[in-house]
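In: Mind folding the following:
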Amino acid sequence: MNESMVMFSISQIKIMTAQHLLKEAGIETFVINKMDSAHAGLFGDIELYVLKKDEVEAKLVLIENEII
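Out: You can find the predicted model right below:
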C-alpha cells in the first residue's frame, strides 16, 4: 500500500478542511468513509490518506493549521 493515514474524524467538515489545506500545499488526498449510514455519527469514522512520500509534510501542514 502506497498510502498512509494522516488523520481520522467523525466530522465531514474537519476532513474537508484538511483536504483543502493539503490541496493548497500540493498534496493529493484520499478519503475512506467508514461511517455507518444507518447510525450516522455513532459508529465509524472518516479516514484521510496521503501518499507515503507526502506523509511528514501533510502532518506538518495539519499541525500548523491546528487540524490535528
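
In: longest helix of this structure?
Out: The longest helix of the chain (DSSP state H) is helix 12-24.

In: Please identify the buried residues of that one?
Out: Buried positions in helix 12-24, judged by neighbour count with 16 or more other CB atoms under 10 Å: 14-15, 18-19, 21-22. Where C-beta positions appear, they are placed from N, C-alpha and C, glycine not excepted.

In: likewise stretch 24-31?
Out: For stretch 24-31, by 16+ other CB under 10 Å, it's 27, 29.

In: now do stretch 60-68
Out: Within stretch 60-68, the residues that qualify as buried are 61-62, 67, counting by 16+ other CB under 10 Å.

In: can you give me the strands in the protein?
Out: Secondary structure of the chain (DSSP state E): strands at 3-9, 29-33, 46-51.

In: Same list (the ones you listed) but as JSON lines, adding distance to Glu57 and mean pLDDT.
Out: Output for the strands of the chain, formatted as JSON lines (distance: least, CB to CB, whole Å; pLDDT from 0 to 100):
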{"stretch": "strand 3-9", "distance to Glu57": "10", "mean pLDDT": "97"}
{"stretch": "strand 29-33", "distance to Glu57": "12", "mean pLDDT": "96"}
{"stretch": "strand 46-51", "distance to Glu57": "8", "mean pLDDT": "97"}
